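Enquirer: I need the structure of the sequence given here:
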Amino acid sequence: MLGAGAAGIDFIHHAKLIFKDLDVQFVCYDKNPEVGGTCAWKWPDISGIKTFTRYVFHTANYDPGFDLTNKRVAIIESGSSGTQCVTAVYPEASKLYAWVVICATGFDTSCRMISKVRKSLAKRTRLTNCQAGPRFPITGLDLNQSLADKFAKEPSSYLAIGVDGYPNYLTYSGAYTPTAQGSLLPILSLLSKHFMQIVTKMRKEHIRRLSPKASIVRDFIEHANTFTPRTCWSDPCTSWFKQGEKDGSPIVWPGTRMAFFDTVKHPKFEDDEIEYWSKNRFGCLGSGFCTLEFDDSQDICWYLDELSGVQRF
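Expert: Residues are numbered from 1 along each chain as shown. The predicted model follows:
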């Protein structure tokens, strides 16, 4: 398994609940490839950073043996990684500096994500969390176009969980994920259940590959671009979901987080291009039996009494 972050661990947990008696090997890459991660980090574009002569570290390549005892710590910028950095260096630092500056920004407060703390500068040491590209190329049906090429101008997605032309490619935090609306962890858990519904259907019906239809993706993007101009996210602020451009299109979920939960509670397979392993899609019927008939612990007459409980096929 690759990328055993919160999303990957949650996916495996749900997989084990469904495939209890199967020896299945899951390979998951749970880092969003258009954002990247610690595998391909880079320094932020900060003027003068290369002229800094003191110790400079990156959170993706930090030296855990570096002694912060009696070092001065200045808190600058903001972000969730900054929260983790502060809690890690605060016990060892001799003094912690923080600045709260009130200024007229020209955009609504929620145009950028709000964080309680700010990123760290330890003994003039820069601690950052940077965006980076994918570690390896991801190609779909068109072998001449990588996902990076497709997203070169602007990323797109189907309901934040799939990309047209890239079969069997499911993302936990793809473009238009409602991360600006609240905590990511409930989203990961919900999507794990969503993905397991897809995996179960593919396994049961002998589906070789599926991917969202291009026309469906265009409809979704059109709706999102129609919705967001009336929100605070369209204000002239530079943010990660606007590709760092003040006038960029907000790549955020067009609605509330609850609306997202309701939308992706169950997969909409009618939105997918589906290809089966067999030339005949009914090849999955096989010899005419179902697994339930070979499990002595199951009630094969469940249909006579709905109170017998939910049966798994």
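Enquirer: Run through this protein and note the low-pLDDT ranges.
Expert: The model of the chain has pLDDT under 70 over residues 1-46, 49, 52-55, 59-60, 73-84, 96-136, 306-313.
Enquirer: in the chain, which spans are strands?
Expert: Taking DSSP state E as the test, the strands found in the chain are 72-76, 95-98, 119-122, 207-212, 272-276.
Enquirer: Could you list every helix and strand in contact with the last one?
Expert: Think strand 272-276. strand 207-212 (3 or more C-beta pairs under 8 Å, 6 or more residues apart in numbering; DSSP states H and E). Quick note: C-beta positions are derived from backbone N, CA and C, even for glycine.
Enquirer: Partner strands of the strand it packs on and their direction?
Expert: Here strand 207-212 has these sheet partners by DSSP bridges: strand 272-276 (antiparallel).
Enquirer: List of residues touching the partner strand?
Expert: 167, 205-213, 283-284 (C-beta atoms under 8 Å, 6 or more residues apart in numbering).
Enquirer: Tabulate the residues you listed (a markdown table), appending distance to Gly255.
Expert: Shown next, in a markdown table, are those (distance: C-beta to C-beta, whole Å):
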| residue | distance to Gly255 |
| --- | --- |
| Pro167 | 27 |
| Glu205 | 31 |
| His206 | 35 |
| Ile207 | 30 |
| Arg208 | 33 |
| Arg209 | 29 |
| Leu210 | 25 |
| Ser211 | 24 |
| Pro212 | 19 |
| Lys213 | 21 |
| Gly283 | 40 |
| Cys284 | 36 |
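Enquirer: Going by distance to Gly248, which of those wins?
Expert: Pro212 (23.4 Å; C-beta to C-beta).
Enquirer: The closest one - how many residues pack around it?
Expert: Neighbourhood size, Pro212 [other C-beta atoms under 10 Å]: 23.
Enquirer: OK, contacts around it?
Expert: 158, 162-164, 271-273.
Enquirer: and if you look at Phe261?
Expert: Phe261 touches 186, 190, counting by C-beta under 8 Å, 6+ apart.
Enquirer: Give me the buried entries from the contacts of strand 272-276.
Expert: Neighbour-count burial (16 or more other C-beta atoms under 10 Å) applied to those gives 167, 205-207, 209-212.
Enquirer: Looking at these, point me to the pair that's furthest apart.
Expert: Longest span within the buried ones among the contacts of strand 272-276, C-beta to C-beta: His206 and Pro212, 20.2 Å.
Enquirer: Would you reformat the contacts of Pro212 as TSV and include distance to Phe294?
Expert: Putting the contacts of Pro212 into TSV (distance: C-beta to C-beta, whole Å) gives the following:
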residue	distance to Phe294
Tyr158	37
Gly162	34
Val163	38
Asp164	39
Asp271	34
Asp272	30
Glu273	33
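Enquirer: The stretch 201-313 of the chain: helices as residue ranges?
Expert: Using DSSP state H, counting those that start in this stretch, the helices of the stretch 201-313 of the chain run over 214-227, 257-263.
Enquirer: To Asp296, which of the ones you listed lies closest?
Expert: helix 257-263 (38.0 Å).
Enquirer: in that closest one, what counts as buried?
Expert: For helix 257-263, by 16+ other C-beta under 10 Å, it's 257, 260.
Enquirer: Restricting the selection to alpha carbons, write it to CSV.
Expert: Once non-C-alpha atoms are left out, helix 257-263 reads as follows in CSV (Å, rounded to 0.1, in the frame of the first residue of the first chain):
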residue,chain,number,x,y,z
ARG,A,257,-20.3,20.3,2.9
MET,A,258,-23.7,18.7,3.8
ALA,A,259,-24.7,19.1,0.1
PHE,A,260,-21.5,17.3,-0.9
PHE,A,261,-22.2,14.5,1.5
ASP,A,262,-25.7,14.1,0.1
THR,A,263,-24.4,14.1,-3.5
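Enquirer: Name all residues that make contact with the residue nearest to Glu205 when sequence neighbours are not counted.
Expert: Take Glu205 and drop its neighbours on the chain: the residue closest to it by C-beta to C-beta, 6 or more residues apart in numbering is Cys284, 4.8 Å away. Applying C-beta under 8 Å, 6+ apart to Cys284 gives the contacts 204-206, 276, 278.
Enquirer: 7 Å instead, please
Expert: Residues near Cys284 by C-beta atoms under 7 Å, 6 or more residues apart in numbering: 204-206.
Enquirer: Can you verify my assumption that Thr139 contacts Asp149?
Expert: No. Using C-beta atoms under 7 Å, Thr139 is not in contact with Asp149; the gap is 9.3 Å.
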